[in-house]
Structures are given as structure tokens and as C-alpha cells.
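Student: Quick one, fold the following:
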Amino acid sequence: MTTDRRPPRAELFGFYYLGFAPDGTYKFSNASHLAAYYRVSPDAILRWLDEYGIDPATVGRQAVELSAVSVDLQLDLPNLSPEGVQARIAEALAEFDAAQPTRRPWMDGPIR
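Tutor: All right, here's what the predicted structure looks like:
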């Protein structure tokens, strides 16, 4: 199960971390859901996340509350077009990229 169609970074970020499919609809998703959508293995999804620098370990170290972004988007969804959702996802990704790594309560050792 492989494909050469790796989605754009913002699309993958929004789908995996915020729960918004490329068509702007919301639903819970994980690597298995995305793998079925993109017709690849869950390992391919995790590899793409890593290649884009948005793997779970990296995201966990950033000082950004993605759950708040997701909830805000869900609440605003009736007023947004799919393009508007994607624009908000791009803003969230830019905020993520600009954020400084932080220590989370469950972390041990230095920030890498």
C-alpha cells in the first residue's frame, strides 16, 4: 500500500493534529484514518510527519496548544468555507513553526 501523493505539509498538519480533512470537514482522525484516506500505510503517514518536521515528538515540545486551535476552528466551522478552514490551518502551522520548544510536565531530560 504505497503512493507518491504526499499531501502538502499544512494539509497533513491540519488533518492529523486538528482533525480537519482537506475538504474542510471535521472528524477525529489518527494515522490509521489518514492512511486509509491517502491509501498508504500508517507508517507512511508517520514518516511524512517526520519528514515535514511535524512528528508527534516535535509537536509535543512546541509551546502551542493545538487542542484550542482545533476547538476554535470547530466552533467557527459554520462560518468558514473549506478554503477558510485551510487558511486557518496555515495560520496555526505558522504559529507552530514560530513557537519555541518548551518543557512539558511529563518530559525528562533536556529539550532537544
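Student: mind showing which ranges of the chain have poor pLDDT?
Tutor: 1-4, 103-112 (pLDDT under 70).
Student: need the helices for it, in chain order.
Tutor: 9-13, 31-38, 42-51, 56-61, 66-76, 82-98 (DSSP state H).
Student: helices or strands up against the last one?
Tutor: Helix 82-98 makes packing contacts with helix 9-13, helix 66-76 when contacts are defined by 3 or more Cβ pairs under 8 Å, 6 or more residues apart in numbering; DSSP states H and E. In short, each C-beta sits where N, CA and C put it, glycine included.
Student: Please save the CA atoms from the shortest one in CSV.
Tutor: In CSV, the C-alpha atoms belonging to helix 9-13 read as follows (Å, rounded to 0.1, in the frame of the first residue of the first chain):
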residue,chain,number,x,y,z
ARG,A,9,2.6,20.0,4.9
ALA,A,10,-0.3,22.2,6.0
GLU,A,11,-2.9,19.7,4.8
LEU,A,12,-1.2,16.8,6.7
PHE,A,13,-0.8,19.0,9.8
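Student: Roughly how far does the spatially most central residue of the chain sit from residue 78?
Tutor: With distances taken as Cα atoms, centre = their mean, the residue of the chain nearest its centroid is residue 13 (2.5 Å). Separation of residue 13 from residue 78 (Cβ to Cβ, to the nearest Å) stands at 23 Å.
Student: what's stretch 50-59 in contact with?
Tutor: 9, 12, 13, 16, 17, 46, 49, 66, 93, 96 (Cβ atoms under 8 Å, 6 or more residues apart in numbering).
Student: repeat that with 6 Å
Tutor: The contact list for stretch 50-59, computed with Cβ atoms under 6 Å, 6 or more residues apart in numbering, reads 9, 13, 49.
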